[in-house]
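J.: A predicted structure for the sequence below; I have some questions about it.
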Amino acid sequence: MRSDSTTRGVSAAPSRSLMFATGMARRQVEGPIIGLASSFTDLVPGHAGMRDLERAIEHGVCAGGGTPRVFGVPAICDGIAMGHIGMSYSLPSREVIADAVECVAEGHQLDGLVLLTNCDKITPGMLMAAGRLDIPCIVVTAGPMLAGVLGSRRLDLVRDTFEAVGQHAAGEIDDDDLYCLEEAACPGAGSCSGMFTANTMACVTEALGMSLQGCATAPAVSGKKKRIAYESGRRLVELAHEGLTARHFMGEAAFRNAIRVDMALGGSTNTALHIPAIAHDAGVALDLDTFDAISRATPHVASMRPGGDHFMEDLERAGGIPAVLSVLADAIESAPTVTGPCITDIAARSRVVDSDVIRTRETAYHEEGGLAVLRGSLAPDGSVVKQTAVPPEMRYMEGRARVFDSEEEAMQAILARAIEAGDVVIVRYEGPTGGPGMREMLGPTAAIAGMGLSSSVALITDGRFSGGTRGPCIGHVSPEAAAGGPIGLVREGDRILIDITSRKLDLLVSEEELTKRRETWKPRPPKVSKGYLARYASLVSSASTGAVVSPPQ
């Protein structure tokens, strides 16, 4: 065991003494020492209910013959951080989480980890740490919240609060309506109830083979979730004894399977950042073209909010990720899972309970999967759109550029009703370096949708979007403006071409004119010059490679 260096032999007497000071018995010191990386916090609804899951995991570890030791990991709620400087810290917090888990696991030479997580950046940060450490690991995602209810209407955070802001600005609802919606949309603990980034990453984690079967969709408030937490603790001790480490499960085939499930669910565009970053730490090469190729070959079989009308509780009732795997069985590649059976075996023995929530290949909602990667003169290194959430009439568009150098400027114009049908809103200097931190644009996109413009107005950014975004919204434009990318050369009134079917995103300006603009373009001073964000901006890579932080060359 790794922990032998701190528990065995005469030289480990000081270490053992310190362990005894924490209340550990000698018998506990002699068994596998299992870290429980908990991201519990009262600040985040997806994490506020984790105390019960911590206890269940601890009981499972003890039942397996291990000794659980809890340590904390930070968590940020993207919904609360949205629309202000706080969102600049969201994506960078992914690296902090991975580093924190690495530091504790290596500093104490833990024999394995149960990674208790739920929300947007915390799950990928945990998985990055697992791949980097390559020790026995299991991920427990704390589960989705139930749908909100107002009368006979089911609610979610995005449509019924973020988009309601746009409806309020358009005069469609009043203050009392907004008050009722904000109180009812999020009824309790759990990650937001649609296929937004948190739940997309939970589904990806199960499809990757890194959480137990059924974990992704079991609601946060359910007894099933507690049982899965208990079994995860017990199973982790078995993995430690068997020497089965994270990279045993996180191989090339597993990543392709995870992307297939993501595409079938129409998940968040953020997976195009997170999955490559996880693969990078697991030693697996993965690029944007892999996403596009798998998406072209994968049907969209579950139409979840924000693009559709089903909630996570519907997906759970319909059979969860095992049922989705059964629909995709002919494309699923053999890969081990922490559950025990090969993922192809799970696919073969599972079935769909509700064929409207999870459709067959023949009756799929769309022939292609959730994401499309667009390239062209505006995005030479690529950009990403959730194509299954784009109205058919907006898959091809040529429009007038409306240019803004920050999210706040764009939001002000949208709420002032200065954006018209046929406009293409450009929000730049919001990339990984320029932001810094690549802020999500849920405020502007939700306002556009709430004002009834999502079938006539597009938004393009070198920032990114929430998993709750719907409509013709293209993010991750690379290279970003701060790196001298073409998006930094766009001027008010330029014509922009969007062709999702042909995977094209072009700035319709002559090369001669662009050359003149490049000659006069100058890098902007950094928005942040101190603290963590300044360090992050100096080290982060392009969105096209997962916005990973690597040592300086």
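T.: Great, that's in hand. Residues are numbered from 1 along each chain as shown.
J.: for F162, grab the count of nearby residues.
T.: Each residue near F162 was counted by other Cβ atoms under 10 Å, and the total is 26. For the C-beta atoms, the positions are set from N, CA and C on the backbone; glycine is no exception.
J.: residues touching it, list them.
T.: Shown in contact with F162 (Cβ atoms under 8 Å, 6 or more residues apart in numbering): M82, L442, G443, A446, A447, G450, G468.
J.: tell me the secondary structure at it.
T.: Here F162 is helix, with the state taken from DSSP: H, G, I helix; E, B strand; the rest coil.
J.: buried ones only from the contacts of F162, please, as a ChimeraX command.
T.: Selecting the buried subset of the contacts of F162 in ChimeraX, with 16 or more other Cβ atoms under 10 Å as the burial test, is done by:
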select :82,442,443,446,447,450,468
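J.: let me know the closest of the contacts of F162 to G131.
T.: G468 (27.2 Å; Cβ to Cβ).
J.: next one: the closest one relative to G143, how far apart?
T.: 18 Å (Cβ to Cβ, to the nearest Å).
J.: again with M128
T.: Noted for M128: a distance of 21 Å to G143, by Cβ to Cβ.
J.: farthest-separated two in the contacts of F162?
T.: It's M82 and G450 that sit farthest apart of the contacts of F162, by Cβ to Cβ, at 14.4 Å.
J.: where exactly do the strands run in this structure?
T.: 33-38, 67-72, 112-117, 137-141, 148-150, 153-155, 371-376, 379-386, 396-404, 423-427, 458-461, 473-478, 495-499, 504-507 (DSSP state E).
J.: to R349, which of these lies closest?
T.: Each of those has some distance to R349 by Cβ to Cβ; the shortest is strand 137-141, at 21.1 Å.
J.: helices and strands around the closest one, which ones?
T.: In terms of contacts (3 or more Cβ pairs under 8 Å, 6 or more residues apart in numbering; DSSP states H and E), strand 137-141 is packed against strand 112-117, helix 122-133, helix 197-207, helix 223-242.
J.: buried ones in that strand?
T.: Buried residues in strand 137-141 (16+ other Cβ under 10 Å): C137, I138, V139, V140, T141.
J.: which stretches of the stretch 451-553 of the chain have low pLDDT?
T.: Applying pLDDT under 70 to the stretch 451-553 of the chain flags the ranges 552-553.
J.: all helices for it, in order.
T.: Along the stretch 451-553 of the chain, counting by DSSP state H, counting those that start in this stretch, helices occupy 511-520, 531-539.
J.: thinking again about what came up before, ok, the contacts of F162 vs A297, which is closest?
T.: Nearest member of these to A297, counting by Cβ to Cβ, is G468, at 26.3 Å.
J.: that closest one reaches A198, doesn't it?
T.: No - with contact defined as Cβ atoms under 8 Å, G468 does not count as touching A198 (10.1 Å).
J.: who touches both of those two?
T.: Common neighbours of G468 and A198 (Cβ under 8 Å, 6+ apart) are C192.
J.: need the residue closest to the centroid of this structure.
T.: T197 (3.9 Å; Cα atoms, centre = their mean).
J.: I'd say it and G467 touch.
T.: Yes - shown here, T197 and G467 form a contact pair, counting by Cβ under 8 Å, at 3.5 Å.
J.: name the residues contacting each of those two.
T.: By Cβ under 8 Å, 6+ apart, T197 and G467 have these common neighbours: D120, G267, S268, N270.
J.: output these as CSV; include the columns pLDDT and neighbour count.
T.: Output for the shared contacts of T197 and G467, formatted as CSV (pLDDT from 0 to 100; neighbours: other Cβ atoms under 10 Å):
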residue, pLDDT, neighbour count
D120, 93, 33
G267, 95, 28
S268, 95, 31
N270, 96, 29
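J.: would you turn those residues into a markdown table with distance to G382?
T.: Shown next, in a markdown table, are the shared contacts of T197 and G467 (distance: Cβ to Cβ, whole Å):
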| residue | distance to G382 |
| --- | --- |
| D120 | 21 |
| G267 | 18 |
| S268 | 17 |
| N270 | 15 |
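J.: and those, which is closest to A347?
T.: G267 (18.3 Å).
J.: just the pLDDT for the residue lying closest to that closest one once chain neighbours are set aside.
T.: Leaving aside its sequence neighbours, G267 sits nearest to T200 (Cβ to Cβ, 6 or more residues apart in numbering; 3.4 Å). In this prediction, T200 carries a pLDDT score of 97.
J.: next, the contact list for T200, please.
T.: Applying Cβ under 8 Å, 6+ apart to T200 gives the contacts D262, L265, G267, S268, N270, T271, G467.
J.: the third one touches A389, doesn't it?
T.: No - counting by Cβ under 8 Å, A389 is not a contact partner of G267; they are 10.4 Å apart.
J.: what do these two both touch?
T.: Common neighbours of G267 and A389 (Cβ under 8 Å, 6+ apart) are G370.
J.: separation between the nearest residue to M19 once chain neighbours are set aside and G308?
T.: Distance criterion Cβ to Cβ, 6+ apart; nearest residue to M19, sequence neighbours excluded, is V29 at 5.5 Å. Shown here: V29 relative to G308, a distance of 52 Å by Cβ to Cβ.
J.: I figured S15 hits T6, correct?
T.: Yes - between S15 and T6 there is a contact at 4.2 Å, judged by Cβ under 8 Å.
J.: quick one: which of those two has more around it?
T.: T6 (21 against 18).
J.: for the more buried one, what are its contacts?
T.: A12, S15, R16, M19, I33, H108, Q109.
J.: cool, and R94?
T.: Going by Cβ under 8 Å, 6+ apart, R94 touches K121, I122, P124, G125, M128, H274, A277.
J.: and if you look at G546?
T.: By Cβ under 8 Å, 6+ apart, G546 lies in contact with L273, H274, I275, P276, A277, A279, H280.
J.: again, 10 Å this time
T.: G546 makes contacts with 94, 124, 128, 272-281, 286-288, 432, 476, 540, as judged by Cβ atoms under 10 Å, 6 or more residues apart in numbering.
J.: one more: R317?
T.: Contacts for R317 (Cβ under 10 Å, 6+ apart) come out as T217, H310, F311, A323, V353, D354, V357.
J.: could you redo the last one with a cut-off of 8 Å?
T.: Shown in contact with R317 (Cβ under 8 Å, 6+ apart): V353, D354, V357.
J.: doesn't V327 make contact with S350?
T.: No - when contacts are counted by Cβ under 8 Å, S350 is not listed as touching V327 (9.3 Å).
J.: of the two, who's got more company?
T.: Counted by other Cβ under 10 Å, S350 and V327 do not tie: V327 has more neighbours, with 25 against 19.
J.: gap between the closest residue to that one other than its chain neighbours and T141?
T.: Of all residues not flanking V327 in the chain, V301 sits nearest, at 5.4 Å (Cβ to Cβ, 6+ apart). Distance, V301 to T141, using Cβ to Cβ: 21 Å.
J.: repeat for P472
T.: For P472 relative to T141 (Cβ to Cβ), the value is 30 Å.
J.: same check on S39?
T.: Distance from S39 to T141, counting by Cβ to Cβ: 10 Å.
J.: quickly list what's touching both of these two.
T.: Residues touching both S39 and T141 (Cβ under 8 Å, 6+ apart) are T117, N118.
J.: pLDDT below threshold where in the stretch 101-250 of the chain?
T.: Judged by pLDDT under 70, no stretch of the stretch 101-250 of the chain qualifies at all.
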